[in-house]
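[1] Below is the sequence, then the predicted model.
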Amino acid sequence: MPKKHINAQPDLVDDDGVRLFFKPVQKKAEKTRTKIKRSKSLDNNAVSGIVVSPAGPKWWVKGLDASLLCTVSGTVDCSHTSTMVAVGDRVWVVPLVEDEGADGEVVHQNEAMIVKVEPRSTLLSRKAAGKQDKEQVLVANVNQLCVVVSTVMPTYNKRLIDRYLIAADKGDLRPIIVVNKTDLLADEFQQDVIDDFDVYANKLGIPVLMVSAAKNTGIEELEAHLTGAETLFSGPSGVGKSSLINRLTKSNLRIGDISEYYEKGTHTTTGALRIELPCGGAIVDSPGLREFAIWDLDPQEVQFYFEEFIPYTTKCRFTSCTHTHEPDCAVKEAVDNGELDVERYLSYMYILHGNADEHER
Ligand code: GDP
Ligand code: ZN
């Protein structure tokens, strides 16, 4: 579990030491034509399933025996008020039945209606583009975030990794870092990369796994971290996410094929996709996370996401120190004398200044 910073500023924590901005904010009910009806007794024909992917205005729901293409019922039983249905939601669906008159009923084999959405254990959301104060839930019920990068082609970018780690912290997800394409790295450079990730592995206690999808190395260890969990996969394109998912699912399907299978020829490529693992648990592949990762932060909050800074922030001369230009700043001193990782400090500066460009300062 991500650590809550109990020594954060008093006005930012509640009595239990939990950061206040972790507390769910009561949202106003969405204006929607779908009515929320609580505790409605379930239809006898209802079966449970998990939402695996959007399909235009509909959803693919994986039930025990089949995948069902589902619409949302006019009255749905659910306790949340924002984004009625999201990938990862546990739902109850009623198969659609067409009355064929004297010949009896004909059941549409793979069509159904979502009548109930179970309460969410976790959710990742972002502000919907263009609309103020409207929350859009990207995925529900995931508990880990696996940040996938590659040694080279493309070379990993620690600024981006640090943004993803903030996203994980914000969403209360356990982070894992996977460094793929180790096969492309000459032996003498392997240790350099391991050293480069030392701050994550040893200071922050985040699992860092060196793998190669091509050579099938490190996959078992990765599998051990994913077993039984609901893991969001994220990272830049081209780092090998699809290749790793293929290894993990022991399938030869390309992700494009998997989406096509669920979407049955529609061209929706923007939604998240939940893929079950043979070892138990599932991976959710969400293209929307890139935006989530750069969800705007209050400048005052940023330092609390760099938890290794916390022991130093209390020693700065000014309590309002932003650790940028102020004199007698204990954070800057710790960076200068090597106690704090200089790259993490750079990420802090970029994020604080809302600046994503590595080369601009
Ligand atoms: P995604 O965009 O993150 O899903 O990446 P892909 O799985 O599509 O991989 C991008 C490219 O990198 C493809 O050409 C893969 O064959 C290649 N690739 C993936 N993993 C490895 C690896 O471990 N080693 C090498 N050498 N190439 C890899
Ligand atoms: Zn300072």
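    Here it is on my side, so go on. Keep in mind that what you see is a predicted model, and the values were worked out from it rather than measured. Numbers count the residues shown, from 1 in each chain. Ligands and ions are numbered 1, 2, ... in the order given.
[2] Where does the nearest residue to Gly63 once chain neighbours are set aside sit, in terms of helix or strand?
    Among residues not flanking Gly63 along the chain, Gly49 sits closest, at 3.9 Å (Cβ to Cβ, 6 or more residues apart in numbering). From N, CA and C alone the C-beta is placed, and that goes for glycine too. Secondary structure from DSSP states H and E places Gly49 in strand 47-55.
[3] Show me what that strand is packed against.
    With contacts taken as 3 or more Cβ pairs under 8 Å, 6 or more residues apart in numbering; DSSP states H and E, strand 47-55 sits against strand 58-63, strand 67-78, strand 90-99, helix 255-263, strand 273-276.
[4] between the third one and strand 58-63, how many degrees?
    So that's strand 90-99. Angle, strand 90-99 to strand 58-63, by axes from the mean of the first three to the mean of the last three Cα atoms, to 10 degrees: 100 degrees.
[5] Note down every partner strand of strand 90-99 and its orientation.
    Taking DSSP bridges as the criterion, strand 90-99 forms sheet pairs with strand 47-55 (antiparallel), strand 105-117 (antiparallel).
[6] Would you mark the buried spots in it?
    For strand 90-99, a neighbour-count test (16 or more other Cβ atoms under 10 Å) marks 90-96 as buried.
[7] Closest one to Pro327 out of the residues you listed, please.
    Arg90 (54.0 Å; Cβ to Cβ).
[8] Show me what that closest one is bridged to.
    Ile50.
[9] can I assume it is in contact with Ser121?
    No - between Arg90 and Ser121 there is no contact under Cβ atoms under 8 Å: 9.1 Å.
[10] which neighbours do the two share?
    Asn141 (Cβ atoms under 8 Å, 6 or more residues apart in numbering).
[11] hang on, the earlier thing: pick the most buried one from the strands paired with strand 90-99.
    Across those, averaging neighbours per residue (mean count of other Cβ atoms under 10 Å) puts strand 47-55 on top, at a mean of 21.
[12] Taking strand 67-78 as reference, get the angle to that strand.
    Using the same axes, to 10 degrees, strand 47-55 lies at 110 degrees relative to strand 67-78.
[13] any chance of the helices and strands packed on strand 47-55 in JSON lines, with mean pLDDT and distance to Leu297 too?
    Putting the helices and strands packed on strand 47-55 into JSON lines (pLDDT from 0 to 100; distance: least, Cβ to Cβ, whole Å) gives the following:
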{"stretch": "strand 58-63", "mean pLDDT": "91", "distance to Leu297": "31"}
{"stretch": "strand 67-78", "mean pLDDT": "89", "distance to Leu297": "29"}
{"stretch": "strand 90-99", "mean pLDDT": "84", "distance to Leu297": "30"}
{"stretch": "helix 255-263", "mean pLDDT": "48", "distance to Leu297": "30"}
{"stretch": "strand 273-276", "mean pLDDT": "88", "distance to Leu297": "28"}
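[14] closest one to ligand 1 among these?
    Evaluated with Cβ to the nearest ligand atom, the helices and strands packed on strand 47-55 place helix 255-263 nearest to ligand 1, the distance being 6.1 Å.
[15] Distance to Leu226 added to the strands paired with strand 90-99, as a markdown table?
    Listed next are the strands paired with strand 90-99 as a markdown table, based on distance: least, Cβ to Cβ, whole Å:
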| stretch | distance to Leu226 |
| --- | --- |
| strand 47-55 | 16 |
| strand 105-117 | 25 |
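[16] Lowest average confidence across these, which one?
    Least confidently modelled of the strands paired with strand 90-99 is strand 105-117, at a mean of 81 by mean pLDDT.
[17] what's the spacing between Glu301 and ligand 2?
    Glu301 sits 15 Å away from ligand 2, going by Cβ to the ion, to the nearest Å.
[18] immediately after the helix or strand that contains Gln191, which helix or strand?
    Using DSSP H and E, Gln191 maps to helix 187-196. Going down the chain from helix 187-196, the next helix or strand is helix 198, by DSSP H and E.
[19] what's that next one in contact with?
    By Cβ under 8 Å, 6+ apart, helix 198 touches no other residue.
[20] what about the helix or strand following that helix, average pLDDT?
    Of the helices and strands lying after helix 198 in sequence (DSSP H and E), the nearest is strand 208-210. Across strand 208-210, the average pLDDT comes to 98.
[21] Flag every buried residue along stretch 232-247.
    Buried-residue list, stretch 232-247, by 16+ other Cβ under 10 Å: 232-235, 239-247.
[22] near ligand 1 too, which of those?
    239-243 (Cβ under 6 Å from any ligand atom).
[23] residue contacts, the residue in the stretch 51-200 of the chain positioned nearest to ligand 1?
    Ranked by Cβ to the nearest ligand atom, the top residue of the stretch 51-200 of the chain for proximity to ligand 1 is Lys181, at 4.0 Å. For Lys181, the contacting residues are 150-153, 212-214, 239-240, by Cβ under 8 Å, 6+ apart.
[24] Good, wrapping up.
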